[in-house]
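1. return atomic coordinates for the entry below.
(one chain, ligands or ions: 1)
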Amino acid sequence: MEAAFICSEALWSRGFGEGHPLTPVRLKRTYDLLMAYRAFDAPASHLVKPRLATREELLLFHTAEYVDAVERLSAPRGGSVDRTLARRYGFRPDETPAFAGMFETEGLKAGAALVGAEMVAEGRAQVAFSIAGGMHHARPALASGFCVFNDVAVAIHWLLRRGFRVAYVDVDVHHGDGVQAAFYDTDRVLTISLHQAGIMFYPGTGFPEELGEGAGYGYSINVPFLPYTGEDLYLWAFRQVVPPLVRQFAPDVLVTQLGVDTHYRDLLGSLLLTTQGYVVLVEELESLAEGIGRWLAFGGGGYAIDVVPRAWTLAYGVMSGQTFPDELPPMYAERYGSGRLHDVDEPEPVEARAARQTRAYAKKGLAVLKARTKGVWKWEEEAHG
Ligand SMILES: [Zn+2]
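-> Presented below is the predicted three-dimensional model:
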């Protein structure tokens, strides 16, 4: 596959700051690791600069009032933020703070998504990866969960306008609520989100009963997991749902949000995936994408600073057909510390009782999903085990 990595330093020159979980350092370190591996020297691997999304493009998903508000909050008059305006549109200092230059930085993320969408739509690449994107929580007129512009929804709208049907797979530990809501009533976009259940966990949605409405019934699919769900159970559920539904839907474009906050060392999530399991996920998606021919991939969450660069480097390796040496390259190690590309340790084993509960919960969710969508999808008989 011809692969494009959509990225430039402007994406991490400003942001929420170092004390915030979504620190832009995550992006810089991922870029530095890929550069250290010379990941863009391969003939079918291209480093492509993003551009700013135009106002018109942002309006594919966002309201004009919201775009104006983001612009105003981005360049506060007299240096102080209009707190009333900020609050009205979901900007909160403790979660999604407004910051100087926000309009440009976040507009660049949306632009990166569009550059990727254009490349795969025109066949200039079979896969495009924007690690800075995947802002799946933003709503048409609301910032939420560290997300300002929903680059994913903007890009999917753009693809729909080109006449494409889209399958969206979201493996971030948080429910992809903003993208689900954006396409809840259409059968031209299939959204599938696997995530930690919204029980005392942001954003509180993403249950199997959320299936879409009207023509969109059965085209919003949710697979929630309890905290401490292990990798084997997660991958089992993924295989039950994602490949069969994406194949039946037969989309023109596969769009994925590849948040790595499912990792067992993540600061926000409580699932127990390792980089090895994460790579299996990406490989499964890659094999689906091969059959489709167009794959637009996004980063997303991931808050363990020593995990994110390795996971997304491994993901880009799968996309661009490269295997990187497991020892971190000296150029990177000198700066950030030596180590291995894959995890060398693994999560502590979960008590038998908790393991049974996570399994029962996942199975019950899948049973609900299958029962309620058997008029829309052909489900394979579940193998016993
Ligand atoms: Zn997340």
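2. okay, now whatever residue of the stretch 251-385 of the chain ends up closest to the ion: neighbour count?
-> Here the residue of the stretch 251-385 of the chain nearest the ion is Gly301; by CB to the ion that distance is 2.6 Å. In short, each C-beta sits where N, CA and C put it, glycine included. Residues near Gly301, counting by other CB atoms under 10 Å, number 30.
3. who does Gln196 bridge with?
-> Gln196 forms beta bridges with Phe225, as assigned by DSSP bridges.
4. for it, give me its contacts.
-> With contacts defined as CB atoms under 8 Å, 6 or more residues apart in numbering, Gln196 is in contact with 173-174, 224-227, 229, 262, 269-271.
5. I'd guessed Thr323 sits against Tyr316; true?
-> No. Shown here, Thr323 and Tyr316 do not form a contact pair, counting by CB atoms under 8 Å, at 11.6 Å.
6. those two: which is more packed in?
-> Tyr316 (26 against 9).
7. what sits against the more buried one?
-> Each residue near Tyr316 by CB under 8 Å, 6+ apart is listed here: 3, 5, 34, 39, 129, 322.
8. returning to that earlier point: next one: the residue of the stretch 251-385 of the chain closest to the ion from Pro347, what distance?
-> The span separating Gly301 from Pro347 equals 18 Å under the rule CB to CB, to the nearest Å.
9. distance between the ends of stretch 189-209?
-> For stretch 189-209, the separation between the terminal residues is 18 Å (CA to CA, to the nearest Å).
10. repeat that for stretch 72-80.
-> End-to-end distance of stretch 72-80: 11 Å, with CA to CA as the criterion.
11. not counting that stretch itself, show me its contacts.
-> Stretch 72-80 is contacted by residues 81-82, 85-86, 89, 91, 98-104 when judged by CB under 8 Å, 6+ apart.
12. when you check the ion, which of these turn up near it?
-> Filtering those for neighbours of the ion using CB under 5 Å from the ion leaves an empty set.
13. can you add secondary structure and neighbour count and give the residues you listed back as CSV?
-> Below are the contacts of stretch 72-80 laid out as CSV (DSSP: H, G, I helix; E, B strand; the rest coil; neighbours: other CB atoms under 10 Å):
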residue, secondary structure, neighbour count
Val81, coil, 18
Asp82, coil, 16
Leu85, helix, 16
Ala86, helix, 20
Tyr89, coil, 22
Phe91, coil, 24
Ala98, coil, 25
Phe99, coil, 20
Ala100, coil, 14
Gly101, coil, 13
Met102, helix, 23
Phe103, helix, 23
Glu104, helix, 16
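14. with pLDDT as extra columns, can I get those residues in CSV?
-> Conversion of those to CSV gives the following (pLDDT from 0 to 100):
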residue, pLDDT
Val81, 81
Asp82, 89
Leu85, 94
Ala86, 95
Tyr89, 97
Phe91, 96
Ala98, 93
Phe99, 92
Ala100, 91
Gly101, 93
Met102, 95
Phe103, 97
Glu104, 97
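15. let me know the pLDDT of whichever residue of the stretch 1-150 of the chain sits closest to the ion.
-> When CB to the ion is the measure, the stretch 1-150 of the chain has its nearest residue to the ion at Gly145, with 7.3 Å between them. At Gly145, the predicted lDDT confidence score is 97.
16. contacting residues around it?
-> 95-96, 137, 174, 202-203.
17. show me the contacts of Tyr316 that map onto helices.
-> Using DSSP state H, the members of the contacts of Tyr316 that fall within helices are Leu34.
18. so which of the contacts of Gly145 comes closest to Trp236?
-> Lowest distance from Trp236 to the contacts of Gly145 (CB to CB) belongs to His174, with 20.9 Å.
19. tell me the SS of the residue of the stretch 251-385 of the chain closest to the ion?
-> With DSSP: H, G, I helix; E, B strand; the rest coil as the basis, the three-state label of Gly301 is coil.
20. surely it touches Asp261?
-> Yes. Gly301 is within contact range of Asp261, at 3.7 Å (criterion: CB under 8 Å).
21. who in the stretch 101-250 of the chain is up against the ion?
-> Counting by CB under 5 Å from the ion, the residues of the stretch 101-250 of the chain that sit close to the ion are 172, 174.
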